[in-house]
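> Build the 3D model from these lines:
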Amino acid sequence: MHTRVRDTAVLKYATIVLDMRTRRRLQRPQLIEALFPAYRRRILGLMMLRSDESFQVRDIRRVTGVPAGFLRKELKALRDARFLAGTLEGGETRYQADRGSPIFYELAAIFRKAAELESISPSRESGAMWRPAPVE
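Residues are numbered from 1 along each chain as shown. Next up is the predicted model:
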């Protein structure tokens, strides 16, 4: 395996391992991505950008794409934190941004600013959440 040459060991056989991975630059998260988890960000984005409207759970699910189980959990958490208000109409709860929340205007401003930045910056996967489709 080794040959002695002037008191130095030299390998006859060696394995060269190439590092063939591509070096990806880590993208810095957008402002809003750093503050809120994905599902909560989608729900709050819809509610804050369209704060004058109220939505049924099925409409929120259709527009945001959040799975039903996670959606109910997030809606409850946001309602308990007073970010959303819920009213019972015809046996179903309609959710709307709670304008009585102590930080409603600041939070709405953050989402508006993030939507503006998103429309200027290059397209990303999360971009669709800022321009929710109208609910019929």
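
> residues of whichever strand or helix holds residue 107 that come out buried?
Using DSSP states H and E, residue 107 sits in helix 104-120. Within helix 104-120, the residues scored as buried using 16 or more other Cβ atoms under 10 Å are 104, 107, 108, 110, 111, 114, 115, 118. Backbone N, C-alpha and C define where each C-beta goes, glycine included.

> Who's the closest spatial neighbour of the fifth one, skipping the chain neighbours?
Setting aside the residues directly before and after it, residue 111 is nearest to residue 48 in space (Cβ to Cβ, 6 or more residues apart in numbering), at 4.0 Å.

> Kindly report the same for residue 47.
residue 97 (4.4 Å).

> re earlier: let's see the pLDDT reported for the residue nearest to residue 111.
We have a pLDDT of 95 for residue 48.

> re the thing from before, what mean pLDDT does the helix holding residue 107 get?
pLDDT averaged over helix 104-120 gives 86.
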